[in-house]
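> Next comes the sequence, and after it the predicted model I'd like to discuss.
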Amino acid sequence: SPTPDDPLFKHIDDHQHEYIQRLKDWVAIESDSSDPSKRDQVLHMMQVTKDYILQIGGTVEMAELGEQEYSSGKKLPLPPVILAEFGNDTNKPTVCFYGHMDVQPAKKADGWKTDPYVLEEKDGNLYGRGTSDDKGQILALLHAVESAKKFGLPVNVKLFIEGMEEVGSNGLEQLVEDKKDTFFSNVDYIVVTDTPWLSTKPGITYGARGNCYFFIEVEGARRDLHSGGFGGTVYEAMSDLVYLLGVLADVNGKILIPGIYDDVLPLNEQEKDLYKDLVFDLKDLKRDTGVNTFLHNTKEELLMHRWRFPSLSIHGIEGAFSGSGTKTVIPAKVIGKFSIRQVPNMNPSVVEKQVSDYLESKFAERKSPNKMKVSMVIGAQPWLANMSEPQYLAAQKAVKRVFNVDADMIRAGGTIPIAKNFEDVLGKGVMLLGVGGPDDAPHGQNEKISVYNYIEGTKLYASFLKELPSF
Ligand SMILES: NCC(=O)N[C@@H](Cc1c[nH]cn1)C(=O)O
Ligand SMILES: [Zn+2]
Ligand SMILES: [Zn+2]
């Protein structure tokens, strides 16, 4: 750190073992929002977060969101959203931070080297589900607030923390609307603490892709059938589904759905310039992922296809045999899952119609008697900000102060479903200021955050709070 004598930074360094222990305790809570059997863990996680915010001197309201209804008719409680506040001095600016306490699914059997819910420290890294996305980043922020408070908070801080981000932020847009004239009325800036840097150099994020997530359900029989008894005699649901999944994109990743690229914001020279100085090495990405050949060969092309062009990914098939071994079965009903990351100026409802029309026409062409249904289960909008707003300038100054480098100005290939709603509903500037590393493997096996990012990231948030009033 270039300013080791700063008492605020010293306080953070002195407490790092406690910060790591708290991350360990929080990672142990299996707050997987996609698994109905773990919903009580998500609720528990929200309570633990609330208790810690109270402990460090915040006030907290838990906003209830009601119930989540599944297509089967089953209902589950939605986790409440944390609305917290530190200070309400009308002479100070107010910044509201947003993040989430739920995580993506993880099982040791997926190929983790260690139990995903037991934090392991190894070679300067902290491994475990949620260490980077997003428990570690939220904790870096909370520790920054707790530390900065000791030296006098120069801004009012609000927190808006949810438990359903990983499945599309159910009910959150309505809550933002409901709280527009109360909780959000004095908020000047929204900062999302959930995004990785592009390299080891800190990044400030001014855009994120949206996501439209689809299910294709194909049903052929009332029960799974013996492939000896029925193979060659029935139209197989799985064959229909594999065919439909196969006509979505070509081998080069080009999406084959008519009209899908029509609304993509054209690229101009000024935008191309933004990529020139970014530090990003394809060799590092190859080493990290084990992928030898990417779809694009230059830094600019690869990043543009991560950030500013749409992409289609196939995620899985529910109901299909996926175990090891050789089950000779014809699955009766299968659900294919894929999503399209969207970019400005694409619109989820237009994408929904394009996808449904295309799949229905392809299925009709095939003349299968099976039943096929397409549904869009998440429709999150893309978001792009004006990076000359004050919160960006304060974040740049904070990066310079903690790391003594100029921040990379970057975009995210992933999605923060609520980002565009914050901007549309509240009319406030949004920024993503994350402390995740480029190789943290969020959503994947062996997710981690480095101790360096976790602790220096805490200093980054604390410095940002200090810098914000000057802009
Ligand atoms: N850390 C952000 C993140 O991972 N967000 C999810 C949100 C999402 C989008 N569609 C379903 N969930 C992401 O996958 O980008
Ligand atoms: Zn996240
Ligand atoms: Zn995530």
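The structure has been received and is ready for your questions. Source: prediction; values computed, not measured. Ligands and ions are numbered 1, 2, ... in the order given.
> hey, where'd the helices end up in the protein?
In the chain, the segments counted as helices under DSSP state H are 7-14, 16-27, 39-55, 135-150, 172-178, 227-230, 237-246, 269-276, 282-289, 299-307, 348-366, 390-403, 419-421, 451-467.
> Can you tell me which of these is nearest to ligand 1?
helix 135-150 (8.8 Å; Cβ to the nearest ligand atom). Every residue, glycine included, has its C-beta placed from N, CA and C.
> in stretch 397-416, what counts as buried?
By neighbour count on 16 or more other Cβ atoms under 10 Å, the buried set for stretch 397-416 is 397-403, 407-416.
> no no, stretch 257-277
Quick answer for stretch 257-277 (16+ other Cβ under 10 Å): Ile257, Ile260, Leu274, Tyr275.
> Can you lay out those as CSV showing distance to Met45 and pLDDT?
Output for the buried residues of stretch 257-277, formatted as CSV (distance: Cβ to Cβ, whole Å; pLDDT from 0 to 100):
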residue, distance to Met45, pLDDT
Ile257, 37, 98
Ile260, 37, 98
Leu274, 37, 95
Tyr275, 38, 95
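> Any residues of this protein in contact with ligand 1? List them.
133-134, 165-166, 168, 194, 211, 213, 378, 380, 414-417 (Cβ under 6 Å from any ligand atom).
> May I see those organised as a markdown table, with pLDDT added?
Converted to a markdown table, the residues of the chain next to ligand 1 look like this (pLDDT from 0 to 100):
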| residue | pLDDT |
| --- | --- |
| Asp133 | 98 |
| Asp134 | 98 |
| Glu165 | 96 |
| Glu166 | 95 |
| Gly168 | 88 |
| Asp194 | 97 |
| Asn211 | 97 |
| Tyr213 | 98 |
| Ile378 | 95 |
| Ala380 | 96 |
| Gly414 | 97 |
| Thr415 | 97 |
| Ile416 | 96 |
| Pro417 | 94 |
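> What is the nearest of those residues to Ser311?
Asn211 (10.0 Å; Cβ to Cβ).
> Okay, the closest residue to the closest one other than its chain neighbours and Arg341: tell me how far apart.
Leaving aside its sequence neighbours, Asn211 sits nearest to Thr415 (Cβ to Cβ, 6 or more residues apart in numbering; 4.3 Å). Per Cβ to Cβ, to the nearest Å, Thr415 is found 7 Å from Arg341.
> Could you do Gly99 as well?
21 Å.
> Tell me the residue of the stretch 201-350 of the chain that sits nearest ligand 1?
Closest point on the stretch 201-350 of the chain to ligand 1, by Cβ to the nearest ligand atom, is Asn211, at 3.8 Å.
> Let me see the contact set for that residue.
Shown in contact with Asn211 (Cβ atoms under 8 Å, 6 or more residues apart in numbering): Gly168, Ser339, Ile340, Arg341, Gln342, Ile378, Ala380, Thr415, Pro417.
> who does it bridge with?
Arg341, Ala380 (DSSP bridges).
> ok so, going back, which of Gly99 and Arg341 has more residues huddled nearby?
Gly99 (27 against 24; other Cβ atoms under 10 Å).
> wait, what's in contact with the residue lying closest to Gly111 once chain neighbours are set aside?
With Cβ to Cβ, 6+ apart as the criterion, Gly111 has its nearest non-adjacent residue at 4.6 Å, and that residue is Gln445. Contacts for Gln445 (Cβ under 8 Å, 6+ apart) come out as Ala106, Asp110, Gly111, Trp112, Lys113.
> what do you get for Asp357?
Counted by Cβ under 8 Å, 6+ apart, Asp357 has zero contacts.
> which stretches of this protein have low pLDDT?
1-4 (pLDDT under 70).
> which of the contacts of Gln445 are buried?
Ala106, Trp112.
> now for the contacts of Gln445, which pair is the farthest apart?
Ala106 and Lys113 (12.2 Å).
> picking that back up, so the residue nearest to Asn211 is in contact with Ile340, correct?
No - Thr415 is beyond contact range of Ile340, at 10.9 Å (criterion: Cβ atoms under 8 Å).
> Chain neighbours aside, what residue packs nearest to Asp250?
Nearest to Asp250 is Leu256, by Cβ to Cβ, 6+ apart, at 6.2 Å.
> Please read the previous query as pertaining to Asn421.
Glu173 (4.6 Å).
> And for that neighbour, the neighbour number?
18.
> ok now do it, which residues does it touch?
Glu173 touches Ile418, Asn421, Val425, counting by Cβ under 8 Å, 6+ apart.
> before we move on, what about Gly124?
Ser450, Val451, Tyr452.
> how near is it to Leu460?
18 Å.
> go on, Ser239?
52 Å.
> When these two are compared, which one has more neighbours?
Leu460 (24 against 17).
> Check what contacts stretch 22-37 and list those residues.
Under Cβ under 8 Å, 6+ apart, the answer for stretch 22-37 is 38-39, 41-42, 44-45, 48-49, 52, 70, 74, 76, 79, 101-106, 117-119, 126, 128-131, 135-136, 139, 143, 163-167, 454.
> OK, contacts around Lys373?
Phe215, Ile216, Glu217.
> so what's it bridging to?
So, taking DSSP bridges as the rule, Lys373 has Glu217 as bridge partners.
> interface residues of the stretch 1-150 of the chain facing ligand 2?
By Cβ under 5 Å from the ion, the residues of the stretch 1-150 of the chain that approach ligand 2 are Asp133, Asp134.
> Around the residue of the stretch 201-350 of the chain found nearest ligand 2, count how many other residues there are.
The minimum distance from the stretch 201-350 of the chain to ligand 2, using Cβ to the ion, falls at Ala208 (10.6 Å). Look at Ala208: counted by other Cβ under 10 Å, it has 29 neighbours.
> Quick one: residues contacting it.
Thr195, Pro382, Trp383, Arg411, Ala412, Gly414, Thr415, Ile416, Ala419, Leu432.
> which ones are touching the residue nearest to it when sequence neighbours are not counted?
For Ala208, ignoring the flanking residues on the chain, the nearest one in space by Cβ to Cβ, 6+ apart is Ala412 at 4.2 Å. Contact analysis of Ala412 by Cβ under 8 Å, 6+ apart lists Thr195, Pro196, Thr205, Gly207, Ala208, Arg209, Trp307, Leu432.
> that older thread, residues shared between the contacts of Thr415 and Arg341?
Common neighbours of Thr415 and Arg341 (Cβ under 8 Å, 6+ apart) are Arg209, Gly210, Asn211.
> Just put these in JSON lines and tack on distance to Glu301.
Below are the shared contacts of Thr415 and Arg341 laid out as JSON lines (distance: Cβ to Cβ, whole Å):
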{"residue": "Arg209", "distance to Glu301": "16"}
{"residue": "Gly210", "distance to Glu301": "21"}
{"residue": "Asn211", "distance to Glu301": "22"}
